[in-house]
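>>> how would this look folded up:
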Amino acid sequence: MPSLVRSLLRLCTALTAAGILIALNSRGAAAAAPTEEHAPVLADYDVARLTLGGDFALTNQDGRRTQLKQFRGRVVVLFFGYTYCPDICPVTLVKIARVRKGLGRQARKLQPVYVTIDPARDTPARLKAYLENFDAGAVGLTGTPAEIAMATRLYRVRYEREESKSATDYLVSHTAYVYLVDRRGKLRYVFPPDVDDELLAEAARRLLND
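Residues are numbered from 1 along each chain as shown. All right, here's what the predicted structure looks like:
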């Protein structure tokens, strides 16, 4: 592994453990710095107590009830977004598809999971049609607003509908981290969406070989 990648991965692990990551909104611009009130990152991270992450149950793109723990045994690449997102969401899905393809035979043990933060528009059918545009093998998840709120709280995801004159044509500002959950269901890495492909792939390999 190149020394730069090793160094960056160690740095990301350290920053995640310290709760020092900057949020990015749906356009990739830096959002407000984390605060004690609503930090979208790990704070005082304690592996034993798992203060960030956890299981949740939503509905997949085929209409089936799905829990995150159903993917135990595989490494999960978790991302929160929405299908009407104009930029960072499709770019991140393309990145995940590239990383997955680059893993070769190990790709089948890497499971991308895409959770919508716009359940009003992202029905299972909408998610299914959208995800078919990407070769990421992603499972799309949606649910009621209350269910989505619970899942996003677990991962400190912030999202807010922007003002619009239309009830159906609007944008949603949101943090856009890429989460890596290991085969035992424990959150291990948190990356910004512009993470380098090689760095994300190396983190995935570490968890796949763990």
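>>> For the one residue sitting closest to the centre of the chain, pull up the helix or strand it's in.
When the chain is reduced to its mean C-alpha position, the nearest residue by Cα atoms, centre = their mean turns out to be residue 79, at 1.9 Å. Taking DSSP states H and E as the criterion, residue 79 maps to strand 75-81.
>>> what's in contact with that strand?
26, 68, 88-89, 92-93, 96, 99-100, 109-117, 151-152, 155, 157, 159, 174-183, 204, 207-208 (Cβ atoms under 8 Å, 6 or more residues apart in numbering). C-beta here means a position set from N, CA and C on the backbone, and glycine is covered the same way.
>>> 7 Å - rerun?
68, 89, 92, 96, 109-117, 152, 157, 174, 176, 178-183, 204, 207-208 (Cβ atoms under 7 Å, 6 or more residues apart in numbering).
>>> Check whether residue 115 really touches residue 141, as I assumed.
Yes. Assessed by Cβ atoms under 7 Å, residue 115 is found in contact with residue 141 at 4.8 Å.
>>> list residues touching both of these two?
residue 58.
>>> Tell me the helix or strand right after the lowest-mean-pLDDT helix or strand in the chain.
Least confident helix or strand, the chain: helix 3-18 with a mean of 45, by mean pLDDT, DSSP states H and E. Remark: after helix 3-18, the chain's next helix or strand is strand 57-60, criterion DSSP H and E.
>>> Name the strands paired with that next one and say parallel or antiparallel.
strand 65-67 (antiparallel), strand 139-142 (antiparallel) (DSSP bridges).
>>> for those strands, which one sits closest to residue 123?
strand 139-142 (6.7 Å; Cβ to Cβ).
>>> residue at max distance from the center of the chain?
Quick read of the chain (Cα atoms, centre = their mean): farthest out is residue 165, 29.4 Å.
>>> so that one, which of the three states?
coil (DSSP: H, G, I helix; E, B strand; the rest coil).
>>> And for the one 4 residues further on?
Secondary structure, three-state DSSP: residue 169 is coil.
>>> Also the one 4 residues further on?
When the structure is reduced to helix, strand and coil (three-state DSSP), residue 173 reads as strand.
>>> Noted, bye for now.
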